[in-house]
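>>> sequence and predicted model, in that order:
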Amino acid sequence: MLYYLITPLVEQFRYITFRASFAAVLSFLFCVVLLPVLSRYLKSKKVMERVEKKDSDKLIELHRHKADTPTMGGVIVLAALLVITFLFARTSNIFVVYALLLTLGLGLLGYYDDIVKLKSVKKGGISKSFKLLGQIIIGLGIGFGLWNYFNLNPDKFPQGTELYLPLVKTSFEMGLVYPFFVALVIVASSNAVNLTDGLDGLATGCLIMAGLAYAVIVYITGRFDYTRHLEVPYMPGTGELTVFMAGFIGACIGFLWFNGFPAEVFMGNVGAVALGGVLGELVLFLVGAIFVMEALSVLMQIISYQGWGKRIFKIAPLHHHYQFNGWSEPKITLRFWIIAAILAIMSLATLKIEIF
């Protein structure tokens, strides 16, 4: 919104990097100022984290200190992201519109899950099937919307529905499979981040690392000169998502201010489900490999236990396995952050590296 008001007066406002810088700083300040206010409100309404008996008495004991910590802090993170993006990004940009719709849709689903969990006697939230159905519907909505837009503008987006593989520098036309693939990666990444959100600051720090890599990637793909040099597909307009990702990064850093060990507030499903969905791209397998490993650890544990009656890990997701091995929570979080940072750097290297 501000883009159209200020640009005629301030020439620098036309530049994506200029607006992205403001978006990152202001979304950070938004969270730092408003999260304490929300935390006090959540405490007054008894919206607290509850340590529930699920798989292990030992896990309950390890996390007993988390009881009565305010949750649903992700509301402020999403509010910062949505408000700052609306103010500093070009809201006529189709990619910004769908990014906002995706964030809002998954945020509302996560919010509903948190509310049901807090009010339910069983404290289990909405059913897994209902939650999955909601994620699929939102993912398909985004997928078909983009698919339709690309098909209506074939000259502008000749590679819009192609699947690009960076390391081999090749693309595959997906056609009608495209919207279903988009839904798949959105659902997968949303749930993967939600699974990772189990230790103080763990998911938030990894989201920051992945967000930084994504910000660079979307900026590059929106620049014809950069894409020609790196031999990657040019997608006009995607550069505007840099502003969105800058808001994403700033909001996550602001939340981490209070979410680091020992956490003063938790994100809740309202934040984890939505922010995970934002990262829904194929390159997540490298950029967000931490999230992928966390999700795979759960899947492997289920298959192994149900198939052979044996557990691969002491407990899943993976971060709890290391807790059971005696690692302290801050040590697990810090080391996962380091791995996430290295993977984010490696993902950017794939833009230039080619394997024959």
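That came through, no problem.

>>> downstream of the lengthiest helix in the chain, the next helix or strand is which one?
Counting residues, the longest helix found in the chain (DSSP state H) is helix 16-44. Later in the chain than helix 16-44, the nearest helix or strand by DSSP states H and E is helix 57-62.

>>> for that next one, which helices and strands make contact with it?
If you count contacts as 3 or more C-beta pairs under 8 Å, 6 or more residues apart in numbering; DSSP states H and E, helix 57-62 packs onto helix 318-324. The way it works is simple: take the backbone N, C-alpha and C, and place the C-beta from them, glycine included.

>>> buried set for the next helix or strand after the helix it packs on?
Following helix 318-324 in sequence order, the next helix or strand is helix 329-349 (DSSP H and E). Neighbour counts over helix 329-349 (16 or more other C-beta atoms under 10 Å) mark 329, 332-333, 336-337, 340-341, 343-344, 347-348 as buried.

>>> can you list the low-confidence ranges for the stretch 1-150 of the chain?
1, 50-55, 121-124 (pLDDT under 70).

>>> for the nearest residue to Val232 once chain neighbours are set aside, grab phi and psi.
Excluding its sequence neighbours, the residue lying closest to Val232 (C-beta to C-beta, 6 or more residues apart in numbering) is Leu351, at 5.8 Å. Backbone torsions of Leu351, given as degrees, to the nearest 10, read phi -70, psi -30.

>>> got a list of what Leu351 touches?
Contacts for Leu351 were tallied using C-beta atoms under 8 Å, 6 or more residues apart in numbering; they are 166, 217, 220, 230, 232.

>>> could you redo the last one with a cut-off of 10 Å?
166-167, 169, 216-217, 220-221, 226-227, 229-232, 283 (C-beta atoms under 10 Å, 6 or more residues apart in numbering).

>>> would you mind checking those residues for buried ones?
Among the contacts of Leu351, those classed as buried by 16+ other C-beta under 10 Å are 166, 169, 216-217, 220-221, 227, 232, 283.

>>> so which of these is the closest to Phe28?
Val216 (18.7 Å; C-beta to C-beta).

>>> helix or strand: which one has Thr172?
If you look again at residue 172, you'll see it is Phe, not Thr. Going by DSSP H and E, Phe172 is in strand 170-173.

>>> which residue, other than its chain neighbours, is closest to Leu109?
Spatial nearest neighbour of Leu109, excluding adjacent residues (C-beta to C-beta, 6+ apart): Gly134 at 4.6 Å.

>>> from Tyr111, how far off is the one you found?
11 Å (C-beta to C-beta, to the nearest Å).

>>> find residues that contact each of those two.
Contact criterion C-beta under 10 Å, 6+ apart; residues bridging Gly134 and Tyr111 by contacting each: Val273.

>>> burial count for Phe181?
Phe181: 16 surrounding residues under other C-beta atoms under 10 Å.

>>> helices or strands next to whichever strand or helix holds it in the packing?
Per DSSP H and E, Phe181 falls inside helix 177-196. For helix 177-196, the packing partners by 3 or more C-beta pairs under 10 Å, 6 or more residues apart in numbering; DSSP states H and E come out as helix 94-119, helix 128-152, strand 162-165, helix 202-221, helix 268-278, helix 284-287, helix 289-308, helix 318-324.

>>> I am finished for the moment; much appreciated.
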